[in-house]
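**Q** Provide a 3D model corresponding to the input given below.
(one chain, ligands or ions: 3)
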Amino acid sequence: MSSEYLTTKGYDAAIPIHAVSHTGLKHWLETLSPAQSRWVRDNNFTGDKNDILKLAGADGGLAAVAFGLGASDDLTDPWAIASVVKNLPNGQYRLMDDKAPSLEPIIWALAQYKFDHYLKKKNSRNAVLVLKDKHNLKEITAIISAITLVRDLVNTPTCDMGPSHLSAVMKDLSGRHGADFSETLGRDLLHKGFNAIHAVGRAATNQPRLLDMVWGRMDAPKVTLVGKGVCFDTGGLDIKPSGGMRIMKKDMGGAAHTLGLAQLIMESGLDIRLRLLIPAVENNISGDAFRPGDIIKTYKGTTVEVDNTDAEGRLVLCDALALASEDNPDLILDFATLTGAARVAMGPAIVPFFTDDDALARSLAQYSESENDPVWRLPLYAPYAPGLKSDCADLNNMGSGPYGGAIMAALFLKHFVDRPEKWVHFDVFAWNMTDQPGRPKGGEAMGLRTVFAYLKSRFCK
Ligand code: BES
Ligand code: MN
Ligand code: ZN
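**A** Ligands and ions are numbered 1, 2, ... in the order given. Below you'll find the predicted structure:
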């Protein structure tokens, strides 16, 4: 596994990139030739934040690049390097002062990502960062490849990323890492009791299924990942307005996160027994579609009244989470593009998470900070749970009012986890609404680096 944007060969010959602050300017000028320092002055480069300046050498070729840090000597925004990369011609570069040594190479590569699969004109960007030594290169590369996988999976439209395609992706991943893969398809879901997964997915031509992958030493600590794999969410009969439906190819973003994380865990050889469960469905409409008012007997035995067919994520997840609980994992992590309410509460970039384990929550918050990958705890506020009551079933799939939607959905899921103190639920957006440096519009991995850092600290050999 290697990244086309990183290497350890040719460090000395690579073009240097200097991070220059207001106070560092003077010192940096002293290292330049008289012609170069005149060029710096004549261009009014003073180290202002986000300013970029390219310097020529005596032969007229690109000899150095500077980018401004502003008043602070620290890199307050590690994504700043992404704007620099975008401005560079293809070539080999080195960072003179690694302000965020392991994050910068990751951002360097991510900044050159383009989803060009369907374009005639392919991405020709190839600015290569030369690292001083091999230290961490393997892990950095694995992280880049996991995030790239998440982006690609989310960006691929449903015509090519339906339940069967998601299954093929997981089967391929299993094959590459010697994991065991199995799937329960179509009506077999009913035979095994996964009635909620079947109900949500049965209207679609691409049949619903539950994907299951197991990897690692059987007596190692058990970590189970569960990802919402709604390959497209029309909303079902309670159909979504067109604006909201427009980006619903991304409703398998949770599944994409768990696939990326699983790949990263296996590539890094964490000593865990990993299990990955993905209920893969398309929430579509046909004469056979499930309806508001239907009552589903879920895998756990709990009956659920369907108040709204657009609250389908929690339905497919409830069967998968109940199954996940059966072999008593030490940790269950689920990722799901579950609610619009999570976006209202946190905005697009911060991933809310829910858990009853305070120590785990604190630890995630710490890694979130150190990894520069925002996640934020929201409460599983028990007094809201009665809001999920139904008149004629054990539960309702929607809260009774418009408030606290992300919390209501999390409380619904909690009902299906046997040991909720060993469970974390992430309500991810998996999508960049706009182009930002290093984070192009479209599919995005969010919270993945944070979770991986946590898993590494807890389970690394
Ligand atoms: N996939 C959506 C949630 C979603 C919408 C995530 C937009 C990100 C952006 C989910 O299936 C859904 O439709 N949720 C409903 C739940 C409601 C019907 C209780 C929602 O959030 O509106
Ligand atoms: Mn929905
Ligand atoms: Zn959905």
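**Q** care to break the chain down by domain?
**A** For the chain, automatic domain parsing gives the domain ranges 2-135, 141-459.
**Q** can you tell me how far the residue in the chain that ligand 3 sits nearest to is from ligand 2?
**A** Nearest residue of the chain to ligand 3 (CB to the ion) works out as residue 233 at 3.7 Å. For every residue, glycine as well, the C-beta is placed using N, CA and C. Applying CB to the ion, to the nearest Å, the value for residue 233 to ligand 2 is 4 Å.
**Q** next one: residue 122
**A** 34 Å.
**Q** check contacts around that residue.
**A** Residues near residue 122 by CB atoms under 8 Å, 6 or more residues apart in numbering: residue 116.
**Q** for it, helix, strand, or coil?
**A** Following DSSP: H, G, I helix; E, B strand; the rest coil, the label given to residue 122 is coil.
**Q** that one and ligand 1: what is the separation?
**A** Using CB to the nearest ligand atom, to the nearest Å, residue 122 is found at 30 Å from ligand 1.
**Q** show me where pLDDT drops low in this structure?
**A** 1-2, 461 (pLDDT under 70).
**Q** that older thread, deepest-packed of the domains of the chain, please.
**A** domain 141-459 (a mean of 20; mean count of other CB atoms under 10 Å).
**Q** okay, which residue is most central for the chain?
**A** By CA atoms, centre = their mean, the chain has its centre lying nearest to residue 445, at 2.4 Å.
**Q** got the residues of this structure near ligand 1?
**A** By CB under 6 Å from any ligand atom, the residues of the chain that approach ligand 1 are 233, 244, 251, 308, 310-313, 337-341, 343, 398, 405, 429.
**Q** I'd assumed residue 200 was in contact with residue 283.
**A** Yes - assessed by CB atoms under 8 Å, residue 283 is found in contact with residue 200 at 5.6 Å.
**Q** measure stretch 113-121 end to end?
**A** Length of stretch 113-121, first residue to last, CA to CA, to the nearest Å: 14 Å.
**Q** does ligand 2 sit close to stretch 324-338?
**A** No - Stretch 324-338 stays clear of ligand 2 (CB under 5 Å from the ion), getting no nearer than 8.6 Å.
**Q** tell me how far that stretch lies from the chain's centre.
**A** Centre-to-centre, stretch 324-338 and its host chain are 16 Å apart (CA atoms, centre = their mean, to the nearest Å).
**Q** just the helices in the stretch 201-350 of the chain please.
**A** All helices of the stretch 201-350 of the chain, identified by DSSP state H, counting those that start in this stretch, fall at 242-245, 253-268, 313-325, 340-346.
**Q** what lies in contact with the first one?
**A** Looking back up the chat, that one is helix 242-245. 233, 234, 235, 239, 340.
**Q** neighbouring strands for the lengthiest strand in the chain, and are they parallel or not?
**A** When the chain is parsed with DSSP state E, its longest strand is strand 273-283. Taking DSSP bridges as the criterion, strand 273-283 forms sheet pairs with strand 209-215 (antiparallel), strand 222-227 (parallel), strand 229-233 (parallel).
**Q** could I get that strand in CSV with only the CA atoms?
**A** Extracted in CSV, the C-alpha atoms of strand 273-283 (Å, rounded to 0.1, in the frame of the first residue of the first chain):
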residue,chain,number,x,y,z
ARG,A,273,-11.4,-9.7,16.6
LEU,A,274,-13.2,-7.4,14.3
ARG,A,275,-16.7,-7.8,13.1
LEU,A,276,-18.4,-5.6,10.5
LEU,A,277,-22.1,-5.6,10.0
ILE,A,278,-23.8,-3.6,7.3
PRO,A,279,-27.5,-3.7,6.6
ALA,A,280,-27.5,-2.8,2.9
VAL,A,281,-30.8,-1.6,1.4
GLU,A,282,-32.3,1.0,-0.9
ASN,A,283,-35.3,2.8,0.7
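**Q** residue 128 touches residue 91, doesn't it?
**A** Yes - the criterion here is CB under 8 Å, and residue 128 meets it with residue 91 at 7.2 Å.
**Q** residues in the protein within reach of ligand 3, list them.
**A** So the chain meets ligand 3 at 230, 233, 251, 313 (CB under 5 Å from the ion).
**Q** how far does stretch 186-196 sit from its chain's centre?
**A** On CA atoms, centre = their mean, the centre of stretch 186-196 falls 29 Å from that of its chain.
**Q** what sits up against it?
**A** Contacts of stretch 186-196 (CB under 8 Å, 6+ apart): 184, 197-198, 207-210, 279, 296-299, 304, 315-316, 318-319, 323.
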